[in-house]
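Enquirer: Sharing a sequence plus its predicted fold:
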Number of protein chains: 2
Amino acid sequence: MSYKNFPMVPRVVFGRGSFNQLSEIITPKRLNPDAPFIFLVDDVFKNNAWITSRIPLSYDDKIIYISADEEPKTSQVDELVEDIIVTTKERPSGIIGIGGGTLLDLAKAVSIMLTNEGEAKDYQGWDLVKNPAIYHVGIPTISGTGAEVSRTTVLTGPTKKLGINSDFTPFDQVILDSELTKDVPTNQWFYTGMDCFIHCAESLNGTYLNTFSETYGNMAYDLCKEIFLDNTLSDVGSQEKLMMASWHGGMSIVYSQVGIAHAMSYGLSYLLGTKHGIGNCIVFDHLEEYYPKEVALFKTMKSKHNIMLPQGICSNLTDEDFDIMIGVALGLGPLWENALGNNWKKIMTAKKLKELYQKM
Amino acid sequence: MSYKNFPMVPRVVFGRGSFNQLSEIITPKRLNPDAPFIFLVDDVFKNNAWITSRIPLSYDDKIIYISADEEPKTSQVDELVEDIIVTTKERPSGIIGIGGGTLLDLAKAVSIMLTNEGEAKDYQGWDLVKNPAIYHVGIPTISGTGAEVSRTTVLTGPTKKLGINSDFTPFDQVILDSELTKDVPTNQWFYTGMDCFIHCAESLNGTYLNTFSETYGNMAYDLCKEIFLDNTLSDVGSQEKLMMASWHGGMSIVYSQVGIAHAMSYGLSYLLGTKHGIGNCIVFDHLEEYYPKEVALFKTMKSKHNIMLPQGICSNLTDEDFDIMIGVALGLGPLWENALGNNWKKIMTAKKLKELYQKM
């Protein structure tokens, strides 16, 4: 019997407009004028002065704009780290990620790889990181992934899509300013919000669940229902509550795990590059057999917000393609064990998994 | 507009029996053989081998048993610090508090005063602590106060009962093992659990509330109802859920404040030495005017568990006594402002407060 000693984000600011406090927060963390802050920012904000004008740049600080059109890759992390090492006089004072799950995961991975030798792919797995990361700050601009609070950073590598799970992964500081999420397009809002809903469905129905995770999961689940079903909230109220749902949903994974939707979605993402949020939705839509109550609710929410999911994305795949996806998905043992118990290998065979993928 | 950058407990273990992991957790934090760990332990456990045999003692480590019959005092903190300085070869590696709110608050205060000059009373207030505390661990053995997660340590000083509120106050590590709460007597279980319920009532009805605190408060409130009203839980389930309710209730105060019950209870405690949990209950029982829904629920819970609160504790007080209590209570401006808004001084006069106390 040994319970995980979970690292929590040690500092959090919550509040509408709290992004304005960024300078005040990071300034004391500057090591010296040659050690810059590097801001990794979603490139949708590139000409958005409302956000960029408030990023405090001094000395050699710089912004690196990054597209979130593709899922983050281990090679991308290695390139960013190389670029930062080459262009800075000293190791940076900190990495600040501003964006959704992709940017937050990149910020976490870059901050780890600046102090750990080798390549990012070497650290995909559990507790492989040896040295503490440099100071890193997460500022979500879309809610749902829980990346702001989790101890993983999920990357697509040469042979697998898997997180760098470690005690050094969580942010040192998170700023939760729901105003930054006000212009998220409806589809994206739905897909990413559903990532949170699906986290809760998987966590609350999982065999790993304990009371700690259950209370967080219930809270996030109820918030998702309030936001996506009840329709009684103001825009600001809805944005604030979804930001907290994402936070609590992430905390719910602490003593639990995600499940079938995430395992299968990782397969889609690895082979087809399907983005995480929409991939989870595509998969979850077909998981009535495993999460009947939650999939029914999901379908109601989808219909309420007129969301049309892509159909037939697996219709032209070869047997080899299916084998690749199935290999990635079944490689995620803890997710299946959480979902289906110790005997999961007898329940979720490659054949069964292929039948499920063929519906999508 | 400036939102608080809240320090969270950076490490938490949750699990039945996780107390057994204490040695594994603290061993890496030992500075050297001359720098001991000091365990501050509630003296109800003095001859309880089930707990004490699992406290890992090495080198010069020692247990100090402390009675929780009285609320913790600034003078008591100063004496403990003096004793530790005199009897240890070097500044301790850490302070580990094992007990309820009293022991946890003493552990926090002692760890602060080992690195800050002067007396504990000098630091009663907000953000007066200058130096980081030494490593400190909180292990609750009763649930409800939220002391395991809060950034305060409430002490009775020569002139006031007030917390040392600072970013250095929160524990570096918390161990949440609900098994440690299994032998709490029913009355104490109720009073301390109601501290959590009252935190939520005060936080959720307060003017300071934001969405962050609201979501935590709602979760703790619902858990309290499940535990104290619904009566459908197993003993273990109830203990685990109350431990989480305490945690979330404490988190709810982050961007909020407590209110009228706490302000008045501090007055009772200062003058009469009334313990915090029972004091809150005695006061809350008479606050229908301010928290109608929650006081009604409280009375139902009290009756369901056959709790008889002391009556007439203020019946023999002199006018001078009342003035002392009223002075302590009204000195807690933020609590009244949270409860009643900016104009609280017009609403809660000394006369009104005296009338309330006279009912108790």
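Expert: Received the coordinates, thanks. All figures in this text were calculated on a predicted structure; none of them were measured in a lab.
Enquirer: where do the helices sit along the stretch 251-360 of chain A?
Expert: Per DSSP state H, counting those that start in this stretch, the stretch 251-360 of chain A carries helices over the ranges A:260-272, A:276-284, A:292-304, A:319-330, A:333-340, A:344-347, A:350-358.
Enquirer: Now do the domain split for chain A, please.
Expert: Per automatic domain parsing, the structural domains of chain A span A:11-181, A:186-358.
Enquirer: could you redo the ones you listed as a markdown table and give each row distance to B:Gln358, mean pLDDT and mean neighbour count?
Expert: Every residue, glycine included, has its C-beta placed from N, CA and C. Shown next, in a markdown table, are those (distance: least, CB to CB, whole Å; pLDDT from 0 to 100; neighbours: other CB atoms under 10 Å in any protein chain shown):
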| stretch | distance to B:Gln358 | mean pLDDT | mean neighbour count |
| --- | --- | --- | --- |
| domain A:11-181 | 41 | 97 | 20 |
| domain A:186-358 | 40 | 96 | 20 |
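Enquirer: what does chain A have sitting close to chain B?
Expert: Residues of chain A found near chain B (CB under 8 Å from any CB of the partner chain) are A:1-15, A:17-18, A:20-21, A:24-25, A:173, A:176, A:178, A:210-212, A:215, A:218-219, A:223, A:237, A:240-241, A:243-244, A:248, A:255.
Enquirer: Next step: those residues restricted to strands.
Expert: When DSSP state E is applied, the residues of chain A next to chain B are split such that A:Asn5, A:Phe6, A:Pro7, A:Arg11, A:Val12, A:Val13, A:Phe14, A:Gln173, A:Leu176 fall in strands.
Enquirer: right, and the helices of the stretch 251-360 of chain A - which one's nearest A:Arg54?
Expert: A:Arg54 lies closest to helix A:276-284 among those, at 26.2 Å (CB to CB).
Enquirer: I'd like to know which elements that closest one is packed against.
Expert: For helix A:276-284, the packing partners by 3 or more CB pairs under 8 Å, 6 or more residues apart in numbering or on different chains; DSSP states H and E come out as helix A:186-204, helix A:260-272, helix A:292-304.
Enquirer: go again using 7 Å as the cut-off
Expert: Packing partners of helix A:276-284 (3 or more CB pairs under 7 Å, 6 or more residues apart in numbering or on different chains; DSSP states H and E): helix A:186-204, helix A:260-272.
Enquirer: would a markdown table of these with distance to B:Gly277 be doable?
Expert: Below are the helices and strands packed on helix A:276-284 laid out as a markdown table (distance: least, CB to CB, whole Å):
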| stretch | distance to B:Gly277 |
| --- | --- |
| helix A:186-204 | 32 |
| helix A:260-272 | 43 |
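Enquirer: thinking again about what came up before, and the helices of the stretch 251-360 of chain A: which comes nearest B:Asn32?
Expert: Of all these, the one in closest proximity to B:Asn32, counting by CB to CB, is helix A:333-340 (38.6 Å).
Enquirer: packing partners for that closest one?
Expert: The helices and strands touching helix A:333-340, judged by 3+ CB pairs under 7 Å, 6+ apart, are helix A:260-272, helix A:344-347.
Enquirer: The first one vs helix A:350-358, what angle?
Expert: Relative orientation of helix A:260-272 and helix A:350-358, computed by axes from the mean of the first three to the mean of the last three CA atoms, to 10 degrees: 80 degrees.
Enquirer: contacting residues around helix A:260-272?
Expert: By CB atoms under 7 Å, 6 or more residues apart in numbering or on different chains, the surrounding residues in contact with helix A:260-272 are A:71, A:156, A:161, A:198, A:202, A:274, A:276, A:279-280, A:282-284, A:287, A:290, A:313, A:321, A:324-326, A:328-329, A:332, A:335-336, A:339, A:356.
Enquirer: just how off-centre is that helix within its chain?
Expert: Centroid displacement of helix A:260-272 relative to its chain, using CA atoms, centre = their mean, to the nearest Å, is 14 Å.
Enquirer: Likewise for stretch A:154-174?
Expert: Remark: stretch A:154-174 is offset 9 Å from the chain centroid, using CA atoms, centre = their mean.
Enquirer: ok so, going back, so which of the helices and strands packed on helix A:276-284 comes closest to B:Trp344?
Expert: Nearest of the helices and strands packed on helix A:276-284 to B:Trp344, taken as CB to CB: helix A:186-204 at 38.1 Å.
Enquirer: Export only the CA atoms of the closest one, formatted as PDB.
Expert: Provided in PDB are the C-alpha atoms of helix A:186-204 (Å, rounded to 0.1, in the frame of the first residue of the first chain):
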ATOM      1  CA  THR A 186     -18.100  27.600 -30.400                       C
ATOM      2  CA  ASN A 187     -16.800  24.300 -31.900                       C
ATOM      3  CA  GLN A 188     -13.500  24.600 -30.100                       C
ATOM      4  CA  TRP A 189     -15.200  25.700 -26.900                       C
ATOM      5  CA  PHE A 190     -17.400  22.500 -27.100                       C
ATOM      6  CA  TYR A 191     -14.600  20.100 -28.000                       C
ATOM      7  CA  THR A 192     -12.300  21.300 -25.300                       C
ATOM      8  CA  GLY A 193     -15.000  21.600 -22.700                       C
ATOM      9  CA  MET A 194     -16.000  18.000 -23.500                       C
ATOM     10  CA  ASP A 195     -12.400  17.000 -22.800                       C
ATOM     11  CA  CYS A 196     -13.200  17.900 -19.200                       C
ATOM     12  CA  PHE A 197     -16.600  16.200 -19.200                       C
ATOM     13  CA  ILE A 198     -14.900  13.000 -20.600                       C
ATOM     14  CA  HIS A 199     -12.100  13.200 -18.000                       C
ATOM     15  CA  CYS A 200     -14.800  13.100 -15.300                       C
ATOM     16  CA  ALA A 201     -16.800  10.300 -17.000                       C
ATOM     17  CA  GLU A 202     -13.600   8.300 -17.200                       C
ATOM     18  CA  SER A 203     -12.400   9.100 -13.800                       C
ATOM     19  CA  LEU A 204     -15.700   8.600 -12.000                       C
END
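Enquirer: That helix - contacts with which helices or strands?
Expert: Using 3+ CB pairs under 7 Å, 6+ apart: helix A:186-204 touches helix A:211-225, helix A:235-252, helix A:260-272, helix A:276-284, helix A:292-304.
Enquirer: picking up where we left off before, which among the helices and strands packed on helix A:333-340 is found nearest to B:Asp83?
Expert: Distance to B:Asp83, taken as CB to CB, is lowest for helix A:260-272 among the helices and strands packed on helix A:333-340, at 53.3 Å.
Enquirer: so the closest one versus helix A:333-340, what angle?
Expert: With the same axes, to 10 degrees applied, the angle from helix A:260-272 to helix A:333-340 works out at 140 degrees.
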